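Colleague: Sequence first, predicted coordinates after that:
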Protein chains: 2
Amino acid sequence: MRYPFLDLKAAGAPLMEELQEAATRVIASGWYLRGEETAALEREMATLCQTDHCVAVSNGLDALRLVLRAWLEMGRLQPGDKVAVQANTYIASVLAITDSGLTPVLIDPYDRTFNLHPALLELELEKQPDIKALMPVHLYGTPCWGFGMSELIEKHNLLVLEDNAQAIGARAAWPGLHGTKTTGSLGHAAATSFYPTKNVGALGDAGCVTTNDAELAATVRALANYGSDTRYHNIYRGFNCRMDEMQAALLRVKLRHLSEETARRQAVAEAYNETIMSPYVIKPDIDPGMRQVWHQYVVQVASPMRDAFRQHLAAGGVGTDIHYAVPPHRQPCYSNEFGNLDLPVTDTLAGRVVSLPIAPPITVDDARAIAEIINRFAI
Amino acid sequence: MRYPFLDLKAAGAPLMEELQEAATRVIASGWYLRGEETAALEREMATLCQTDHCVAVSNGLDALRLVLRAWLEMGRLQPGDKVAVQANTYIASVLAITDSGLTPVLIDPYDRTFNLHPALLELELEKQPDIKALMPVHLYGTPCWGFGMSELIEKHNLLVLEDNAQAIGARAAWPGLHGTKTTGSLGHAAATSFYPTKNVGALGDAGCVTTNDAELAATVRALANYGSDTRYHNIYRGFNCRMDEMQAALLRVKLRHLSEETARRQAVAEAYNETIMSPYVIKPDIDPGMRQVWHQYVVQVASPMRDAFRQHLAAGGVGTDIHYAVPPHRQPCYSNEFGNLDLPVTDTLAGRVVSLPIAPPITVDDARAIAEIINRFAI
């Protein structure tokens, strides 16, 4: 395929030398867990997210789980408490909630942003005033944070855990805020994923928790290390969710290139938005108040035409993907409990979304060429 | 220190070139999870353990958790079921049980082997006939499997999950068995840890599950990958517990050297046993029927003298460690629930055990020199 949806080998090629150097350094060090590379990555991520603390962990799902478990240990949440989350998220968001013995409240997103909308969220909070926590998912790299979100959170006294898996380095702005605020610092805690395809991708699984809450950071760190605060002293019934030095060192290389990577994604997204003219395609909004980082560039095509659209693109050498074809409430593991929920926007989106190539090495010229192919689609 | 307890840098030095080559190969491949390296490691581990299946996972604790969770999903265990385990194990064994909503039954070990003894286990099974599963821990590298164990398991219809974290490549023998059987294949499933200090150590966290049960292997594999059997199709409420290609490739290097590493450990243990003559020291048994792999070489020193003994060794340039000073039932996270249990052997051992240096690059000559220092201990 001329424009594969994803080509991690080509994506990594320009960084090959730096990655090799990082791996060599870790192998030679004889120190493989909880060392200097991990500490340095934590400092760099805290700086990027503008938070006081960062705890490097095993992956994005574990980052979410550890924060929820920590809040349970700290008494900030009680077993069974309700956590609101957008229904069109990747299943990991919901798995973190149910694995922690909490109750997910799945809410339809606003189809313009794919994200929770404060006004729609407020309607749900009025219906279910016992919602205790909120997990805004910055889906596809767009901050899930709009006008009125902060006030809503304060009014309903919500604990907020950002699912920042797809939005590293994104920034939100809203009326009344002077400047912008980085995702990962918007809520009381945030979980970031470094899965290989992410904007900052490890060469394996990795993730982190960012927060300004020192007690939460310490609790997460202990829970991720068998529940021990010092060696062989277990204050919690914990897990093993540590990031290793190898992935930390490799991630530090990737992190050094984040600005240019984000700029490339933004340029590609703008090129798509400028050149896609097909009447069959709804393009995503580029919101001037949000520094979107475009983990995915997702268009909508009416569901009866979607297969034909993807086939047309494939015939033109363009790979596509669907994020996500089956929403969590329709997955076999949740359908008994949540399958009867009325989530029309989520169900509609699941039938319409198509992700276009945006990962490296896709260029602005590639995006224009792909847009031309899209514009020739007819049914 | 002339003989540090652990020196991973020195231990890794002879393999440096092979490890670098493996890392280079993975970085260049562009494939970082669920790929050829992981599949090859799984085949190699299944061969080593003489099992039909191996599933590579994130670490040893997750390997234990995933098997228990899988048995719950498969209906082989029910929430709250009792799982017997030796009380002097590392806390991870117990964390796996409680995290799965099961009930640990902590049993005192036999102080000659540090392991469960079938006769002592039988007494407990008579008292608590509702024990459904057994987690024999092959502590320090000695198979926890003696005469009568297989019959006992059959008689009480126990599900058996070996905690093989410390005993990779060990083999058990018992009257009636022709030849030997490798740990990792003794029970219905086994969990192995590749923590960096283990006999086969990753450069980070890693683990695996071995079993002859195809359904269990498939369930563990799905649970470790968000509960999905195929992409974006979640049949279970799963986790992210995958081993990455980097660690798999590095482990394959280590695995190639396991025979020589085990031989070195056995020679060092024999040298210790031959040359330690101190009347203050109880040496571990070398059981001719068990191919012990000596993850730790653990002696016992009466507790009032243990600190002085360790200080004497430190003054002689010998590092030591304690595995484990605080048993699980005395840890803060369990003491409310289990602190009142009467486990005199476990408590006594916690005060007496001392681990001597046995990890690479310790040689037979080093062991003899350390034994000389031990033999000069007097109080």
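Modeller: Good, I have the coordinates. Numbers count the residues shown, from 1 in each chain, chains lettered A, B, ... in the order given.

Colleague: okay, CA-based contacts and neighbour counts for the rest of this
Modeller: Fine.

Colleague: so is the closest residue to chain B within the stretch 51-200 of chain A in a helix, a strand, or just coil?
Modeller: The minimum distance from the stretch 51-200 of chain A to chain B, using C-alpha to the nearest C-alpha, falls at A:Leu95 (6.1 Å). Counting by DSSP: H, G, I helix; E, B strand; the rest coil, the backbone at A:Leu95 sits in helix.

Colleague: Which residue, other than its chain neighbours, is closest to it?
Modeller: In this structure, A:Leu95 finds its nearest non-sequential neighbour in B:Arg237, 6.1 Å apart by C-alpha to C-alpha, 6 or more residues apart in numbering or on different chains.

Colleague: same check, this time on A:Leu343
Modeller: Nearest to A:Leu343 is A:Asp108, by C-alpha to C-alpha, 6+ apart, at 5.6 Å.

Colleague: Likewise for A:Gly146?
Modeller: Residue nearest to A:Gly146 in three dimensions, not counting chain neighbours: A:Trp174, with 6.2 Å by C-alpha to C-alpha, 6+ apart.

Colleague: does the one you found really touch A:Asp287, like I thought?
Modeller: No: A:Trp174 lies out of contact with A:Asp287 (C-alpha atoms under 8 Å); the separation is 11.1 Å.

Colleague: quick one, which of those two is more surrounded?
Modeller: A:Trp174 (17 against 12; other C-alpha atoms under 10 Å in any protein chain shown).

Colleague: Quickly note the distance from the more buried one to A:Lys181.
Modeller: Separation of A:Trp174 from A:Lys181 (C-alpha to C-alpha, to the nearest Å): 9 Å.

Colleague: So which elements touch the top helix by length along chain A?
Modeller: If you go by DSSP state H, chain A has its longest helix at helix A:258-275. Applying 3 or more C-alpha pairs under 8 Å, 6 or more residues apart in numbering or on different chains; DSSP states H and E, we find helix A:258-275 packed against helix A:364-375.

Colleague: what angle sits between the helix it packs on and helix A:258-275?
Modeller: Counting by axes from the mean of the first three to the mean of the last three C-alpha atoms, to 10 degrees, helix A:364-375 lies at 30 degrees to helix A:258-275.

Colleague: tell me the contacts of the nearest residue in space to A:Ala173 that is not next to it in sequence?
Modeller: Closest residue in space to A:Ala173, ignoring its immediate chain neighbours: A:Thr180 at 4.7 Å, by C-alpha to C-alpha, 6+ apart. Neighbouring residues of A:Thr180 by C-alpha atoms under 8 Å, 6 or more residues apart in numbering or on different chains: A:Arg171, A:Ala172, A:Ala173, A:Trp174.

Colleague: Which one of these is nearest to B:Ile358?
Modeller: The closest of the contacts of A:Thr180 to B:Ile358 turns out to be A:Arg171 (C-alpha to C-alpha; 52.1 Å).

Colleague: hang on, isn't the closest one packed against A:Lys181?
Modeller: Yes: using C-alpha under 8 Å, A:Arg171 is in contact with A:Lys181, at 5.2 Å.

Colleague: if you count what's nearby, which of the two comes out ahead?
Modeller: A:Arg171 (24 against 20).

Colleague: which parts of stretch A:156-165 are buried?
Modeller: Buried residues in stretch A:156-165, counted by 16 or more other C-alpha atoms under 10 Å in any protein chain shown: A:His156, A:Leu158, A:Leu159, A:Val160, A:Leu161, A:Glu162, A:Asp163, A:Asn164, A:Ala165.

Colleague: Show me which residues of the stretch 51-200 of chain A sit near chain B.
Modeller: The stretch 51-200 of chain A comes close to chain B at residues A:Asn59, A:Leu61, A:Asp62, A:Ala92, A:Leu95, A:Asp99, A:Pro196, as judged by C-alpha under 8 Å from any C-alpha of the partner chain.

Colleague: what about the longest helix of chain A, distance to the chain center?
Modeller: Relative to the centre of its chain, helix A:258-275 is centred 18 Å away, using C-alpha atoms, centre = their mean, to the nearest Å.

Colleague: Stretch A:302-309 now?
Modeller: The answer for stretch A:302-309 is 26 Å, by C-alpha atoms, centre = their mean.
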